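> no FASTA, just this:
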């Protein structure tokens, strides 16, 4: 009897948390040998154990069995609900892990923040709440940006940064721009939007080198233009497709004001005739087109033209 009790007790205690197997014991009344197995289990485990004393009516037994089956069915429903919750939780954790990995490994800077309003409800500063590692790399700002208003971290912060981020957070209207910050001495290209009311998120990258390269190219282009304009002859410069990308002042002295052309086919707007034959030049007949498309060198050609 003792081994049977211990075995039964071990099985009951080994159930998962959602399970409480209902057990029905049929007893025979007072037992001279003391409490029976069912009574001992009921008093020891606190489990779902029902004791029915014999003799009993058939209806009583059927009713007890139905109640036990219903209880077990509800336990299975709890089990299924817990399993669904576990799966959802695992999926959520996996999704959060993927998001965090993406967040931390982004090459673009990312920040989540909110405006700081004055007593009249007007934006006076902004506070970042969360940023990724690229935020620090792209800006050079220290982690104190998460615990101090931005103007305390960047004393020379231009007012338009506060205006833009606050407008996005308060109106929900996204913004895309390229701008400069004097504190970091960097140019940023950014997109900012409202993830939740009252907050803004910004994704940005440092485009300082791109801007400087563009400025250097523009300066070089200006120097080239100055050289071209000093020449006493008309000069055109095209790309490999024949698109005219630059010309000097002498071109306008010869032709007037020529319209922009993107393709050799559009050279048709230039009117010219071979001086010897009077034949109209087709777009591909112009020396500029032949040089761009076939690498030909033309010298000494005489053409009668019609100015614009």
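Now that the structure is in, tell me what you want to look at. Just so it is clear, the structure is predicted and the values come from calculations on it, not from any experiment.
> low pLDDT regions in the stretch 1-150 of the chain?
By pLDDT under 70, the low-scoring segments of the stretch 1-150 of the chain are 1-2, 29-38, 42-43, 46, 94-96, 99-100, 103.
> which residues in it form helices?
For the stretch 1-150 of the chain, helices defined by DSSP state H, counting those that start in this stretch occupy the ranges 2-13, 37-45, 58-105, 133-139, 150-153.
> touching the fourth one from outside, list them.
Okay, so that is helix 133-139. Under the contact criterion CB atoms under 8 Å, 6 or more residues apart in numbering, helix 133-139 has outside partners 104, 106-111, 141-143, 184, 186, 188, 204-206. All C-beta atoms are positioned from the backbone trio N, CA, C, and that covers glycine.
> by neighbour count, which of those wins?
Using other CB atoms under 10 Å as the neighbour criterion, residue 111 leads the contacts of helix 133-139 with 26 neighbours.
> and the nearest residue to that one once chain neighbours are set aside, what is it in contact with?
Spatial nearest neighbour of residue 111, excluding adjacent residues (CB to CB, 6 or more residues apart in numbering): residue 131 at 4.5 Å. Residue 131 makes contacts with 109, 110, 111, 112, 145, 146, as judged by CB under 8 Å, 6+ apart.
> which one of those is nearest residue 305?
Closest approach to residue 305 among the contacts of residue 131 (CB to CB): residue 109, at 55.2 Å.
> coming back round to it: ok, so of the contacts of helix 133-139, who is nearest residue 151?
Ranked by distance to residue 151 (CB to CB), the contacts of helix 133-139 are led by residue 141 at 12.4 Å.
> ok, the closest one touching residue 148?
No. Contact criterion CB atoms under 8 Å: residue 141 and residue 148 do not qualify, at 10.5 Å.
> of the helices of the stretch 1-150 of the chain, which is nearest residue 230?
So among those, helix 133-139 is nearest, using CB to CB, at 42.8 Å.
> for the closest one, buried residues please.
134, 135, 138, 139 (16 or more other CB atoms under 10 Å).
> out of the residues you listed, who's nearest residue 235?
residue 138 (42.4 Å).
> I'd like to know how far the closest one sits from residue 252.
Distance of residue 138 to residue 252, computed by CB to CB, to the nearest Å: 45 Å.
> grab the most central residue of this protein for me.
Central residue of the chain (CA atoms, centre = their mean): residue 203, 7.8 Å from the mean position.
> pull the residues that contact the one helix or strand that one maps to.
Residue 203 is part of strand 200-206, with elements assigned from DSSP states H and E. Outside of strand 200-206, the residues within contact range by CB under 8 Å, 6+ apart are 107-115, 126, 138-139, 165-166, 168-169, 186-195.
> contacts for the next helix or strand after that strand, please.
Next helix or strand after strand 200-206 toward the C-terminus (DSSP H and E): helix 208-229. Residues outside helix 208-229 that contact it (CB under 8 Å, 6+ apart) are 178, 185, 186, 187, 235, 237, 246, 247, 248, 249, 250.
> just the buried residues of helix 208-229, please?
Buried-residue list, helix 208-229, by 16+ other CB under 10 Å: 211, 228.
> any idea how far it is from the chain center?
Distance of helix 208-229 from the chain centroid (CA atoms, centre = their mean, to the nearest Å) equals 34 Å.
> what mean pLDDT does the following helix or strand past it have?
Next along the chain after helix 208-229, taking DSSP H and E as the criterion, comes strand 236-238. Mean pLDDT, computed over strand 236-238, is 90.
> what helices or strands is the next helix or strand after strand 236-238 leaning on?
Downstream of strand 236-238, the first helix or strand assigned by DSSP H and E is strand 244-247. Strand 244-247 makes packing contacts with helix 208-229, strand 236-238 when contacts are defined by 3 or more CB pairs under 8 Å, 6 or more residues apart in numbering; DSSP states H and E.
> for the shortest one, the distance to its chain's centre please.
Strand 236-238 sits 42 Å away from the centroid of its parent chain (CA atoms, centre = their mean).
> that one pairs with which strands, parallel or anti?
The pairing partners recorded for strand 236-238 under DSSP bridges are strand 244-247 (antiparallel).
> now, which of the contacts of helix 208-229 sits nearest residue 9?
Nearest to residue 9 among those, counting by CB to CB, is residue 186 at 71.6 Å.
> list the contacts for the closest one?
Residue 186 is in contact with 138, 139, 140, 180, 206, 208, counting by CB under 8 Å, 6+ apart.
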